[in-house]
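1. kindly generate the corresponding structure for this input.
(chains A and B)
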Amino acid sequence: MNASSNVPDWANVQPAGGQRRLPVYLLLDASGSMEGAPIESVRQGLEQFQKEVAADQFARDSVFVGIIVYNSDARLVTGGLAPIATFQPPNLVATGVTRLDLAFQRLLESFDRDVLMPVKGGNRGDWKPMVFVLTDGKPTDESGNITNRLWQSTRDALTSRAKGQVKPGTIVAVGCGPDVDDATLKAISTGYAFKMGTSEAAFASLFQYLSISITASVQPGSTPDDPFAQMPPSADLVRIP
Amino acid sequence: MLNGFVIGDRSLSAAGDTHPVWLAAHGQSGAYLAVGASAAGQQHLHNSLPRDDAFVIRQVGPWLAIGVSDGVGSRPLSRYGATYVAESLTALLLRPLVPQLRSNVTATRATSASAVPPVAAEAVEFKPLIGRKDRERNGAVIMDALRTRFLRRKPAEAQKSVPEMSSDLFQQAASIGWWPYSGTIMNPQLPTTTVDHLSIQPAIMSSSTIAEPSPASSLTSIQPSTTPNLSDVVQQAFEKTHRGLRGHADHLGVELADLSCTGLALLFNVETGLIAIGQIGDGAMLGLTTSGNVKELITPVDTGDPQSVYTINRPNFDKYLAVQIEERPIADPFLALFVMTDGLSGDLLYSPEPEVLTNWAVAVDRNLRGSPTPAQAAAGMLNWLAAYQVKGSWDDRTLVVITRKDGRDGDHNAASREP
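-> The predicted structure is shown next:
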């Protein structure tokens, strides 16, 4: 109560808190074929993405980013999940082959290490992670031979996990350039897949779409399982039927 | 006919969307004060989206029934489901406990010398405090956002007359009723009693709906009957609500999935302290004991995926329906009961600090009992729900509290506890 009145002081009533995060993973192809303008466009797109998502007052508090760069190896370059407000886009070097399977393995490791499940009396728990996969070609083995043998089993391991384990809310694959295969992109995705060109404008459109879809997904009325559900069509980013 | 009151949200129909942005309600049953409040989340307000939560409090005889529901955010019409579920659950919880209409009906009238309500309507004041800049900074943030959005829809000339900063951007509508307190169960063979105006308790619902006038009430005596199995009562209330939701969807011409929502129901006997609870989906129901502990009254059924929520509209919903009967020891009864949606429970149950939840419950309980009037208790709780800040907490928030007002002098442990 206020000392000077008999009116209760509700300002002193404090909930405990406990923030719920939205983990967003970007799996970025940095194989040799991305060298030059494409990889530079990806880097610029990441900067644009960080600025736009951090500018949204609701997304800024909720979105945490994990960047996995993959070529002949795969690394979670953010170290874990980084708050979007302070996330620094990494330098990207294009070299090597396309080991998408290793990217999915890093993703699985991060799910188990970095994404929180709710624990009463402990932590709030995170939303199901959103995963975006960018590639300019077809997945390969360590020798550069195109194959689906390696990545399919690791991708399926992500989506068919046991009860109580973190699963992705959605996986969206985006293919850039003439060498992508529609069927592979659709097989990677849990919902829709997209393809685009390799121009600077195309990458800018892609990251703008990512920003809009992520800020929309933290809003009430969103459809987290299909983050592009309400997006207007774009000439630069084509949904694969 | 057994009397009681019903307050809270109205079930929405095809006759127009009357769901308010903010709602508060209060009523009394015996020694207990029941207060409900529901506030649209700040993200909802920012995007001009409606509140998706709903609550209803219904009382008859010694029974209080609480229904709370949270509409799924990805379904734009889910509030039509939530309001239906909240109302249906409370009605169906009480129906087995009330004599049938065709029996025990005695048409008597009150024979009091007074022909007017005991309190003049204009003396009852209810002013929500949301928006007072000098009181709540966060309320001011909400009102600024709303004013900006409101101005966008106005032509240039009309913008000049929009108030700078006030709650005049919203209309308030309220229905206020007085019900005779029917705390006594009498032999149906005896002549019916006259209404005692000293025991009339006001119950107030403030909302954007227009309420029907309360009919002249008459006390009807009933014969004490065996209380039905409350576990069955709860199960059947949920089952019938699930079926009724399908009919509601058909009537509205929408898909059943469009009305996706959770369901929390609590049935409480103010005389015996007996509690029956049912829950499907997230949210929480808590009890504050005289020993100052907070107990979670029910644990939702584990769906195997803690990041997903099951809703009452889904098939096989009963597989994920949790039902619990609670009978407290006489030496350690519940002082207060709390029913809430996950917009609030998510901010309460996930702290590693064990004292935080208890301090919160004690503070809310104390504030409600210490308010000068029940109306101010409801307004204070609503204002707090709408305005408190927790990072990442932008969802609708709904809370219903039943607190024992009388006979608390000896309850020092909880009542005197400071947060």
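2. nearest to chain A: which residue in chain B?
-> Here chain B gets closest to chain A at one residue, B:Ser351, 3.1 Å apart by Cβ to the nearest Cβ. The way it works is simple: take the backbone N, C-alpha and C, and place the C-beta from them, glycine included.
3. hang on, that residue packs against B:Thr358?
-> No: with contact defined as Cβ atoms under 8 Å, B:Ser351 does not reach B:Thr358; the gap is 11.1 Å.
4. measure the residue of chain B closest to chain A to B:Ala54 for me?
-> With distances taken as Cβ to Cβ, to the nearest Å, B:Ser351 is found 27 Å from B:Ala54.
5. kindly report the same for B:Thr311.
-> For B:Thr311, the distance to B:Ala54 equals 14 Å [Cβ to Cβ].
6. quick one: the strands in the chain, in order.
-> Looking at chain A here, since you left the chain open. According to DSSP state E, chain A carries its strands in the segments A:22-29, A:63-70, A:74-76, A:82-83, A:130-135, A:170-176, A:193-196, A:237-239.
7. think we crossed wires, I meant chain B
-> B:6-8, B:22-29, B:32-39, B:53-60, B:63-70, B:173-179, B:201-207, B:263-269, B:275-280, B:284-289, B:294-296, B:322-326, B:334-340, B:397-404.
8. save these as a markdown table, and put in mean neighbour count too.
-> Below are the strands of chain B laid out as a markdown table (neighbours: other Cβ atoms under 10 Å in any protein chain shown):
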| stretch | mean neighbour count |
| --- | --- |
| strand B:6-8 | 25 |
| strand B:22-29 | 26 |
| strand B:32-39 | 27 |
| strand B:53-60 | 28 |
| strand B:63-70 | 30 |
| strand B:173-179 | 17 |
| strand B:201-207 | 22 |
| strand B:263-269 | 27 |
| strand B:275-280 | 26 |
| strand B:284-289 | 24 |
| strand B:294-296 | 16 |
| strand B:322-326 | 18 |
| strand B:334-340 | 25 |
| strand B:397-404 | 26 |
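9. out of those, nearest to A:Ser31?
-> Distances from A:Ser31 to each of the strands of chain B were compared using Cβ to Cβ; the minimum, 45.8 Å, belongs to strand B:63-70.
10. in its sheet, what does the closest one sit against?
-> Taking DSSP bridges as the criterion, strand B:63-70 pairs within the sheet with strand B:53-60 (antiparallel), strand B:263-269 (antiparallel).
11. what's the burial count for A:Asp112?
-> Applying other Cβ atoms under 10 Å in any protein chain shown, we find 10 residues neighbouring A:Asp112.
12. residues contacting the closest residue to A:Gln50 other than its chain neighbours?
-> Nearest-residue entry for A:Gln50: A:Phe87, 5.3 Å, with adjacent residues in sequence omitted and distances by Cβ to Cβ, 6 or more residues apart in numbering or on different chains. Applying Cβ atoms under 8 Å, 6 or more residues apart in numbering or on different chains, we find A:Phe87 in contact with A:Gln50, A:Ala54, A:Val65, A:Thr78.
13. farthest pair within those?
-> When Cβ to Cβ is used, the two most widely separated members of the contacts of A:Phe87 are A:Ala54 and A:Thr78, lying 14.6 Å apart.
14. low-confidence ranges, the stretch 51-200 of chain B, go.
-> Residues of the stretch 51-200 of chain B meeting the criterion pLDDT under 70: B:102-169, B:181-200.
15. for it, what lies in contact range of chain A?
-> B:Asp52, B:Gly73, B:Ser74, B:Pro76, B:Glu136 (Cβ under 8 Å from any Cβ of the partner chain).
16. among these, name the ones in helices.
-> Using DSSP state H, the subset of these located in helices is empty.
17. let's have the residues you listed in a markdown table, adding neighbour count.
-> Rendered in a markdown table, the data for these read as follows (neighbours: other Cβ under 10 Å):
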| residue | neighbour count |
| --- | --- |
| B:Asp52 | 33 |
| B:Gly73 | 21 |
| B:Ser74 | 18 |
| B:Pro76 | 16 |
| B:Glu136 | 21 |
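18. work out the gap between stretch A:148-166 and the centre of the chain.
-> Between the centre of stretch A:148-166 and the centre of its chain there are 16 Å (Cα atoms, centre = their mean, to the nearest Å).
19. start and end of that stretch, how far apart?
-> From its first residue to its last, stretch A:148-166 covers 24 Å (Cα to Cα, to the nearest Å).
20. do that stretch and chain B meet at all?
-> Yes: part of stretch A:148-166 sits close enough to chain B to count as contact by Cβ under 8 Å from any Cβ, namely A:Lys163, A:Gly164, A:Val166.
21. hmm, back to that, and the strands of chain B, which one averages the lowest pLDDT?
-> Looking at the strands of chain B, the lowest mean pLDDT belongs to strand B:201-207 (a mean of 41).
22. wait, doesn't A:Gly90 sit right on A:Arg75?
-> No, residue A:90 isn't Gly; it's Pro. No: the criterion here is Cβ under 8 Å, and A:Pro90 misses it with A:Arg75 at 9.2 Å.
23. chain neighbours aside, what residue packs nearest to A:Asp182?
-> Leaving aside its sequence neighbours, A:Asp182 sits nearest to A:Ile240 (Cβ to Cβ, 6+ apart; 5.1 Å).
24. list the contacts for the one you found?
-> By Cβ under 8 Å, 6+ apart, the contact set of A:Ile240 is A:Asp182, A:Leu185, A:Lys186, A:Tyr192, A:Ala193, A:Phe194, A:Lys195.
25. just for chain A, where's the confidence low?
-> When the per-residue scores of chain A are filtered using pLDDT under 70, the ranges that remain are A:1-7, A:16-18, A:219-233.
26. spatially central residue in chain A, please.
-> Within chain A, one residue has its C-alpha closest to the average C-alpha position: by Cα atoms, centre = their mean, that is A:Tyr25, at 2.8 Å.
27. beta partners for that one?
-> Per DSSP bridges, residues listed as beta-bridge partners of A:Tyr25: A:Gly66, A:Val131.
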